[in-house]
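1. One predicted model, sequence on top.
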Amino acid sequence: MAVATATLSPPPLTPPTYHRIVSDTLSIPSDPLKPIPVGLLACQRDPLLRELATTVVSCHVSQSPSVPSNGREGKKKAAPAPTAPLLEVIAHDTIIFPEGGGQPSDIGLLTSSDGELWDVVEAKRHGGHAVHYVRLKPEQNVDDALRLFIPGARIGISLGEQGYKRRLDHMCMHTSQHLLSAVLETRLNVDTLAWSLTAHPAPCYVELARGLSAEEIGYIQEEANRLVFEGRSVHVEVEELDPATKVMSGPSVGIPSDYTGGVKRTVVIDGVDRNPCCGTHLPSIHNLQLFLLPQTETLARASTSSARLYFLSGPRLIDHLTSSHALLTGTAGIMSCGAPQVPERVQQVVDERKKATKRVEDLEAELAASIAGEITATTPREGGEIALHRHRTDDSPNALGFLSAISSAFVNKIADSEKGAATPFLLILSSSPTAQTASSTSVVLVLGSDDKKVKEVGDELRAKLNVKGGGRGPRWSGKWSGVWKDSREGAVLTDIVTALKL
């Protein structure tokens, strides 16, 4: 594992040729009281930088108790509003990437002049500026924060250990997406319609105009990894944005219509791809061995269809292999076999389970027919009708299903008897588990030859025992919660049957 981890480690420093300003009229603002626009931020110029000293441009208490979702609140359930205050801090420069280009926000820390640490829970782009959302801890005071983060105050910004792991994961997956989309387009002429950088550790995906065969997926994986092993370099070209060509298409979303930073960034994989993107990217693809899940997921929409191809790389691929291996070896231990024999042994268990289930179903059908025969043989009333209550104990998860099997077998036996369907009847079948508590559930099934009588009995069960249920025609079923006792609930059902006139 140590070797694999070393292979995935990025270079310690970003090469000086990584960030290239190709426009003669574009420069990085130096006024410490003015924010550097998104597109020229330190996190975009030097994606391996972990900490930075800079100055505060503005700070105020956020009007919203939670971080704005940039119009994407429909994608996830709204979380309860936090009670801790939230600050919005704009700095001259930052290494905390604000969400954009399909890439989620970084997290990190601010260090005020007194040495105190402040949690940056997210960063967003407002127009052309990066805004840090700082969540105060219970022991931290809003007035102290506003005093420490006055315009011009010196602060430190860092990713921290967790923030850097998150950044590295995002860079690996984002750069891999650029590589994958480029290879798909150049080798198979398949366009990437969209992509998603999912939450760790789930695989990310690209959405394609069509599905791919297993052979095509294998070919694309081989071609992409050939480029990875060649160690192609990555750099970013930055120029002034021409408003006339602001909106662009492609899997990297292009340049948002509300962006006001005036900067256009193009991410270049040497000899492979050029794509407008604001995200953070590794300076080389040499450590991004790519794994494609060997199937696509087809999506059908009203007018078009597309397919998702899932992929893993970098630390996320190592995590996936580690967890998959743990699951496989754990299953092999349970099945008492070697890992290569797991599929065969699991198939044996599934086949045996199907046979056992079939045998149980056959035995239940025989038992249901036997019980139905006993009920049919019951001495009828003077008028020839059959009316009785039968209770049984059943710990199966589908006790009501077995009562239904009894009722079906009973109807068949009545139809085959001498009087046949002319025999009036009403049965109340009930079932409860062996060990009961206040939360136990018992089931009740009413079956009768007269639909009106069945409904009357159902109404009585609701009124006298609070059985919750319903039915239509000759059947009514319901559930009752609590400890069922024959001397109490059973007696109520017996009284109902006794008083019934068919």
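-> In hand now; what should we look at?
2. ok, residues contacting the helix or strand containing residue 409?
-> Under the criterion of DSSP states H and E, residue 409 resides in helix 399-416. Applying CB atoms under 8 Å, 6 or more residues apart in numbering, the external contacts of helix 399-416 come out as 364-365, 368-369, 371-373, 375-376, 394, 396, 420-421, 423, 425, 427, 429-431, 433, 443, 445, 447, 475, 477. From N, CA and C alone the C-beta is placed, and that goes for glycine too.
3. Of the residues you listed, grab the buried ones for PyMOL.
-> Command for PyMOL that selects the buried part of the contacts of helix 399-416, burial taken from 16 or more other CB atoms under 10 Å:
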select buried, resi 364+368+369+371+372+375+376+394+423+425+427+429+430+431+433+443+445+447+477
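4. follow-up on the earlier one: the helix holding residue 409: how far from the chain's middle?
-> 43 Å (CA atoms, centre = their mean, to the nearest Å).
5. again with stretch 441-452
-> With CA atoms, centre = their mean as the basis, stretch 441-452 stands 42 Å off its chain's centre.
6. go on, stretch 128-141?
-> With CA atoms, centre = their mean, you get 28 Å for stretch 128-141.
7. need the helices for this structure, in chain order.
-> Here the chain has its helices, by DSSP state H, at 2-8, 42-45, 142-148, 160-188, 214-230, 314-335, 342-376, 399-416, 451-465, 491-499.
8. out of those helices, deepest packed?
-> Counting by mean count of other CB atoms under 10 Å, helix 42-45 has the highest mean neighbour count of the helices of the chain, with a mean of 24.
9. Show residues contacting that one.
-> By CB under 8 Å, 6+ apart, helix 42-45 touches 14, 18-19, 28, 36, 38, 49, 52, 93-97, 106, 236, 265, 278, 280.
10. please redo it, this time with the cut-off set to 7 Å
-> 19, 49, 52, 93-97, 236, 265, 280 (CB atoms under 7 Å, 6 or more residues apart in numbering).
11. what about residue 222, distance to residue 361?
-> Computed as CB to CB, to the nearest Å, the residue 222 to residue 361 distance reads 49 Å.
12. Can you find the helix or strand in this protein with the smallest mean pLDDT?
-> Ranked by mean pLDDT, DSSP states H and E, the weakest helix or strand in the chain is helix 2-8, scoring a mean of 43.
13. between the helix holding residue 409 and helix 342-376, how big is the angle?
-> Angle, helix 399-416 to helix 342-376, by axes from the mean of the first three to the mean of the last three CA atoms, to 10 degrees: 50 degrees.
14. pLDDT weak spots in the stretch 301-450 of the chain?
-> 302-303, 418-421 (pLDDT under 70).
15. how about a cut-off of 90?
-> 301-305, 375-386, 396, 413-424 (pLDDT under 90).
16. can you count the residues close to residue 295?
-> 15 (other CB atoms under 10 Å).
17. Who are the contact partners of it?
-> Taking CB under 7 Å, 6+ apart, one finds nothing in contact with residue 295.
18. Could you number the chain from 32 rather than 1 from now on?
-> Yep, numbering from 32; the last one is residue 326 now.
19. Please tell me how far it sits from residue 133.
-> 23 Å.
20. And for residue 356?
-> 30 Å.
21. Let me see the ranges of the strands in the stretch 32-181 of the chain.
-> Remark: strands assigned in the stretch 32-181 of the chain by DSSP state E, counting those that start in this stretch are 50-52, 82-92, 117-122, 139-142, 148-157, 160-166.
22. List the strands paired with the last one, with their directions.
-> Put plainly, it is strand 160-166. strand 117-122 (antiparallel), strand 148-157 (antiparallel) (DSSP bridges).
23. again with the fourth one
-> For strand 139-142, the pairing partners within the sheet under DSSP bridges are strand 148-157 (antiparallel), strand 185-189 (antiparallel).
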